[in-house]
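Novice: only geometry, no sequence info:
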Ligand SMILES: [Zn+2]
């Protein structure tokens with residue numbers, strides 16, 4: 001399976017300046033190449049090379065590899081544009097948007113991602129540094145950092161090109177890794193149902209509960225501080241607020257990695273699959289008071305779901321997504337479904353059979369059963385083909 005790992009570069013100011021100049025030069029060259037391609041109607045690498053290669057090398061100071069990449073990038077952009085035009089993304093032929101998209105050359109942002117192949121970029125995993133080509137010569141010993149788990153994957157399974165990107169003033173390398181995966185367990189003996197929520201981040205049908213209390217409190221504190229800093233409006237306050245936000249995102253990601261790891265390991269150990277709710281449902285069905293609403297929308301549910309999906313795929317554990325409708329109102333014993341079964345946020349009490357349980361546990365049993373039903377009815381394991389996990 002393909003996996004995308006993102007590592008952060010920690011360049012010295014001098015190195016950062018070289019990276020910036022390089023990114024600008026590469027994108028400047030690609031924009032110019034795209035213009036040549038447009039004017040001369042040479043939108044394939046072989047044809048465009050004849051017109052653009054020598055000048056790109058000279059005028060933009062790009063090495064042989066980088067010049068090739070600039071040409072390829074321009075050509076790829078036209079291929080994408082063509083596909084989009086054909087696919088109707090710019091409306092029908094003859095409309096204003098369609099005509100406009102056709103009538104001018106492609107332009108690249110100065111800081112658009114730049115692909116690096118193994119000749120332009122080499123990784124030294126032991127020292128956590130890269131050696132990277134720039135227009136100012138090759139930079140050696142540029143330090144990178146990332147989560148331990150991701151770095152291990154990177155060291156073992158990286159393949160092909162990586163992209164240099166700048167996001168929010170920071171430098172990253174995005175590398176593609178090709179991971180081996182276990183063969184899918186085609187005969188699961190059951191499904192672990194996972195209920196995702198706010199008060200409890202994840203509750204499984206095995207009774208395992210990952211509480212969100214500590215995190216939610218921390219998040220509230222962070223949000224209060226952030227909005228205070230933003231109100232202040234000074235540059236340093238904004239910077240601090242930003243730092244705070246990325247720290248919060250990092251911590252959440254960490255938690256999601258841990259929860260997903262446990263859930264998948266347990267399913268694998270017991271020969272079961274995993275049933276999750278379709279994630280769109282979580283936001284739509286929730287009727288909440290305002291402070292809770294912000295908690296819900298900023299909580300990376302999608303991330304936890306996708307972490308579970310990719311770890312499951314790697315382990316060969318089947319994953320099914322079930323319809324989330326009424327999982328919280330349905331009795332997991334007699335299946336009587338009514339809003340009145342749920343006297344409070346935390347409690348489930350069936351009006352018909354009298355079954356009483358913690359509400360999230362009851363939901364997770366419903367999800368587990370729906371997963372099993374879907375599987376028996378021919379559902380396939382659903383895990384995305386390409387995941388960004390870092
Ligand atoms: Zn009941």
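Specialist: Received the coordinates, thanks. Because the structure is predicted, anything quoted here is derived from the model rather than measured.

Novice: what residues are up against residue 342?
Specialist: 328, 329, 348, 349, 359 (C-beta atoms under 8 Å, 6 or more residues apart in numbering). From N, CA and C alone the C-beta is placed, and that goes for glycine too.

Novice: Please apply the same query to residue 157.
Specialist: By C-beta under 8 Å, 6+ apart, the neighbours of residue 157 are 3, 177, 178, 179.

Novice: The last one - how many residues pack around it?
Specialist: It refers to residue 179. Using other C-beta atoms under 10 Å, residue 179 has 14 neighbouring residues.

Novice: again, but for the second one
Specialist: By the measure other C-beta under 10 Å, the count of residues near residue 177 is 19.

Novice: Over to the one 10 residues further on?
Specialist: Burial of residue 187, expressed as a neighbour count using other C-beta under 10 Å, amounts to 9.

Novice: got it, and the one 4 residues further on?
Specialist: Number of residues near residue 191 (other C-beta under 10 Å) recorded here: 27.

Novice: residues in contact with the nearest residue to it once chain neighbours are set aside?
Specialist: Closest residue in space to residue 191, ignoring its immediate chain neighbours: residue 371 at 3.6 Å, by C-beta to C-beta, 6 or more residues apart in numbering. Residues in contact with residue 371 (C-beta under 8 Å, 6+ apart) are 191, 193, 273, 274, 275, 276, 320, 322.

Novice: And for residue 313?
Specialist: 1, 181, 319, 381, 383.

Novice: Of the contacts of residue 342, which one scores lowest on pLDDT?
Specialist: Lowest pLDDT within those is found at residue 328 (90).

Novice: So that one sits against residue 358, correct?
Specialist: No. Counting by C-beta atoms under 8 Å, residue 358 is not a contact partner of residue 328; they are 11.4 Å apart.

Novice: These two: which has the busier surroundings?
Specialist: Legend: neighbour count by other C-beta under 10 Å for residue 328 and residue 358, higher for residue 328 (21 against 15).

Novice: Check the gap between the more buried one and the ion for me.
Specialist: With the distance defined as C-beta to the ion, to the nearest Å, residue 328 ends up 14 Å from the ion.

Novice: can you check residue 1 too?
Specialist: Taken as C-beta to the ion, the span from residue 1 to the ion is 41 Å.

Novice: Only the buried residues of stretch 351-360, if you could.
Specialist: Judged by neighbour count (16 or more other C-beta atoms under 10 Å), stretch 351-360 contains these buried residues: 355, 357, 359, 360.

Novice: Show the backbone phi and psi for the residue in the stretch 151-300 of the chain that the ion sits nearest to.
Specialist: Residue of the stretch 151-300 of the chain nearest the ion, by C-beta to the ion: residue 205 (16.4 Å). Backbone geometry at residue 205, expressed as degrees, to the nearest 10, gives phi -70, psi -10.

Novice: just the one 3 residues further on next, same as before
Specialist: As for residue 208, its main-chain torsions (degrees, to the nearest 10) stand at phi -80, psi 130.

Novice: Against the ion, how distant is the residue nearest to residue 110 when sequence neighbours are not counted?
Specialist: For residue 110, ignoring the flanking residues on the chain, the nearest one in space by C-beta to C-beta, 6+ apart is residue 24 at 4.8 Å. Separation of residue 24 from the ion (C-beta to the ion) stands at 65 Å.

Novice: I'd assumed residue 109 was in contact with residue 24.
Specialist: No. Assessed by C-beta under 8 Å, residue 24 is found out of contact with residue 109, at 9.9 Å.

Novice: distance of residue 237 from residue 352?
Specialist: Distance of residue 237 to residue 352, computed by C-beta to C-beta, to the nearest Å: 56 Å.

Novice: Report the buried residues of stretch 371-385.
Specialist: For stretch 371-385, using 16+ other C-beta under 10 Å, the buried residues are 371, 372, 374, 375, 379, 381, 383.

Novice: Double-check the fourth one against residue 191; I have them as touching.
Specialist: Looking back up the chat, that one is residue 375. Yes. Residue 375 is within contact range of residue 191, at 6.7 Å (criterion: C-beta under 8 Å).

Novice: residues shared between the contacts of those two?
Specialist: By C-beta under 8 Å, 6+ apart, the residues touching both residue 375 and residue 191 are 273, 320.
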